[in-house]
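Engineer: sequence plus the predicted model coming up.
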Amino acid sequence: MNPVETFAAEITEITPLFQEEIKAISAYWHPSSPPPTEILGALGQELVRNWREITEEQKIRLADAIERGAIHSDEILATATLTGLVEASLNAAANSTECSEADIMKFLGPFARKYAESWLEFYGCYIEI
């Protein structure tokens, strides 16, 4: 497995709520592998969709995994974590009644949060956390 696939597998081990989405994306792109931002973007959307079902312990473990993905030495994984998972979760949260951008910002580790703050500021959004 490549680093993105390993990361996605780690995320689905933390919470099985994401497994069906990973299977659907993999099936859609079969026989190729899904683009990294596509698969991690889907995980970001699933994070928001399932926010209330994810336990606090799982959120802590997910935040840790996202932070490790964001600072990973593999540039593809690091980029896909930020531009896929983090951006998708913020976009989904902007249109969600389950989870807000502030919820996502509080949840992220320091590096991912700094990226998210910069990304939101670029679009003129300032989130108080």
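Structural biologist: Good, I have the coordinates.
Engineer: C-alpha from now on. contacts and neighbour counts both.
Structural biologist: Fine.
Engineer: residue ranges for the helices of the protein, please.
Structural biologist: Ranges of helices in the chain, per DSSP state H, are 3-14, 19-29, 36-49, 56-70, 75-80, 87-94, 101-107, 110-122.
Engineer: so which residues make contact with the fourth one?
Structural biologist: By that I understand helix 56-70. 7, 10-11, 14-15, 77-79, 81-82, 107-112 (C-alpha atoms under 8 Å, 6 or more residues apart in numbering).
Engineer: now that helix and helix 110-122, what's the angle there?
Structural biologist: 80 degrees (axes from the mean of the first three to the mean of the last three C-alpha atoms, to 10 degrees).
Engineer: and helix 56-70, what's buried?
Structural biologist: By neighbour count on 16 or more other C-alpha atoms under 10 Å, the buried set for helix 56-70 is Lys59, Arg61, Leu62, Ala63, Ala65, Ile66, Glu67, Arg68, Gly69, Ala70.
Engineer: how about stretch 87-98?
Structural biologist: Buried-residue list, stretch 87-98, by 16+ other C-alpha under 10 Å: Glu87, Ala88, Ser89, Leu90, Asn91, Ala92, Ala93.
Engineer: repeat for stretch 74-90
Structural biologist: 76-90.
Engineer: compute the first-to-last residue distance for that stretch.
Structural biologist: End-to-end distance for stretch 74-90, by C-alpha to C-alpha, to the nearest Å: 23 Å.
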